[in-house]
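Chemist: Sharing a model prediction with you, sequence too.
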Amino acid sequence: MAGCTSSAIGVLLLLLCCTMWTAFATDHTVGGSTGWANGVDYTKWTSGKTFVAGDSLTFNYGAGVHTVDQVSATEYSSCSASNALSTDGSGQTTVKLSKAGTYYFICGVASHCSNGMKIAVPVKAASPAISPATPPSGSTKPPTAATATPPSASTTPSVSTTPSTTTPTTTVADKQSSAGYVSSASVAMLTGLLALELVLL
């Protein structure tokens, strides 16, 4: 019976852990209630918002009326989707912001981009909240977070589009910014899990 209980607790802890990690990512609906449409100032929409690696963008628009094309910085400036990194016209496009850098999106329908249907989304690296108690051996300074450099036009972060019925998944590895750091969310989660285990024992 004790082995069964331990296994059940282990499975419960694993499920809780995975759920906690995905709960901290933010899904941003591009354009708010207006969505991905003509006549929206997307520069104004992004101002004041913080986008962090692990978050996602959801574009809502009329299927067949608009597209969501991820493009390079050069194509963004020239409103060209001829070499788009990805394109979708399903009516709802969800994009996972998997790493730091600037993501560029345009509507590939003729004249829509030049009339303002374009958005540049600056994404920050997830920041560590707590550093380890002792620095790694051989080091006299506490470790510092790696500085993420936005990718160049040729290395724009990749994106996958998902239908509206699919929820992007986030793994623990996606959320950890660097080895040796533990986020405050994970500390809170582990504290809660330990308390739960103690109650169940």
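Modeler: Great, that's in hand. Numbering: from 1, shown residues only.

Chemist: going forward, measure contacts between C-alpha atoms and count neighbours the same way
Modeler: OK.

Chemist: ok, now which ones touch Lys124?
Modeler: 50-53, 99-101, 148 (CA atoms under 8 Å, 6 or more residues apart in numbering).

Chemist: pLDDT below threshold where in the protein?
Modeler: For the chain, the stretches flagged by pLDDT under 70 are 1-23, 128-201.

Chemist: And stretch 41-54, what's buried?
Modeler: Within stretch 41-54, the residues scored as buried using 16 or more other CA atoms under 10 Å are 42, 46, 51-54.

Chemist: Keep only those of those that are in strands.
Modeler: 51-52 (DSSP state E).

Chemist: TSV for the buried residues of stretch 41-54, including distance to Cys107?
Modeler: Shown next, in TSV, are these (distance: CA to CA, whole Å):
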residue	distance to Cys107
Tyr42	12
Thr46	17
Phe51	21
Val52	23
Ala53	23
Gly54	23
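
Chemist: ok, so of the buried residues of stretch 41-54, who is nearest Tyr76?
Modeler: Ranked by distance to Tyr76 (CA to CA), the buried residues of stretch 41-54 are led by Tyr42 at 13.2 Å.

Chemist: Report the separation between the nearest residue to the closest one once chain neighbours are set aside and Tyr103.
Modeler: Once flanking residues are discounted, Tyr42 sits nearest to Ile119: 5.7 Å by CA to CA, 6 or more residues apart in numbering. Distance, Ile119 to Tyr103, by CA to CA, to the nearest Å: 8 Å.
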